[in-house]
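**Q** sequence plus predicted model, see below.
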Amino acid sequence: MTVYRLARAIVGPVVRLVWSTRAEGGFVPSGPAIVVANHDSLADPFLLGMALERPLRFLAKEELWANRPVGRILESLGGIPVRRGRGDLAAMSAAVACLRSGQAVAIFPQGTVLGSDERPWHRGAARLALATGAPIVPVRIVGGDRALRPGTRLPRRAHVRVVIGEPVRVEPAPATIAVARDLTERVKEAIEALT
């Protein structure tokens, strides 16, 4: 994770210069963990990555890698590209391998910042937790929506709070649609309760 620390050392001061970001609440436990956060800003991966002390492996849409500078930053920060619109087994396998090696994986279940507040929450984080038994750490990013929105050219100054909740313990189990849906709903409620 030396590359991660180097990238964080370069990106961190820029993020802190533009956005006043502070973490509060709990912490991400050691060992495998799935960090699940709301997604209201294009800046969310950077806000989350800089606020939490633990290195994170992010699941992110593969289209972001088309922009070479962004792709390189994501790669250095441990990004895992995901093909959206279908179950990307390669991305899920990569995330499972990360968790089984004791790493933390970050997911934004809303998938996109576009659309209404009623965007569906996808079940990928729940499926990963059920497959590996890794705890899910709910995180609420407050104020990120003022930092960088789709269609804006430049980031805006904003005060951002990254509120970390208590881990949701998960026992390994078959990831049926019903079980994954129920777990996703529990995590969504835990995140919404952090505001």
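**A** That came through fine.

**Q** residue 35 touches residue 109, doesn't it?
**A** No. Contact criterion Cβ atoms under 8 Å: residue 35 and residue 109 do not qualify, at 11.2 Å. (Glycine included, C-beta is placed from N, CA and C.)

**Q** between these two, who's got more neighbours?
**A** Between residue 35 and residue 109, residue 35 has the larger neighbour count (other Cβ atoms under 10 Å), namely 25 against 21.

**Q** and the next element down the chain from the lowest-mean-pLDDT helix or strand in the chain?
**A** Within the chain, confidence by mean pLDDT, DSSP states H and E is lowest for helix 2-18 among all helices and strands, at a mean of 70. Later in the chain than helix 2-18, the nearest helix or strand by DSSP states H and E is strand 19-25.

**Q** what about the residue nearest to residue 124 when sequence neighbours are not counted, neighbour count?
**A** Residue nearest to residue 124 in three dimensions, not counting chain neighbours: residue 107, with 6.0 Å by Cβ to Cβ, 6 or more residues apart in numbering. The tally of other residues near residue 107 (other Cβ under 10 Å) stands at 26.

**Q** so residue 107 touches residue 126, yeah?
**A** No. Counting by Cβ under 8 Å, residue 107 does not reach residue 126; the two are 9.7 Å apart.

**Q** helix, strand or coil for residue 35?
**A** Using DSSP: H, G, I helix; E, B strand; the rest coil, the structure places residue 35 in strand.

**Q** separation between it and residue 176?
**A** To residue 176, residue 35 is 24 Å away according to Cβ to Cβ, to the nearest Å.

**Q** now do the helices in the chain.
**A** Taking DSSP state H to define them, one finds helices in the chain at 2-18, 44-51, 68-76, 89-100, 124-132, 177-192.

**Q** can I get the ones you listed in a markdown table with mean neighbour count and distance to residue 140?
**A** Shown next, in a markdown table, are these (neighbours: other Cβ atoms under 10 Å; distance: least, Cβ to Cβ, whole Å):
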| stretch | mean neighbour count | distance to residue 140 |
| --- | --- | --- |
| helix 2-18 | 13 | 18 |
| helix 44-51 | 23 | 11 |
| helix 68-76 | 14 | 23 |
| helix 89-100 | 17 | 22 |
| helix 124-132 | 24 | 15 |
| helix 177-192 | 16 | 5 |
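
**Q** understood, closing this out.
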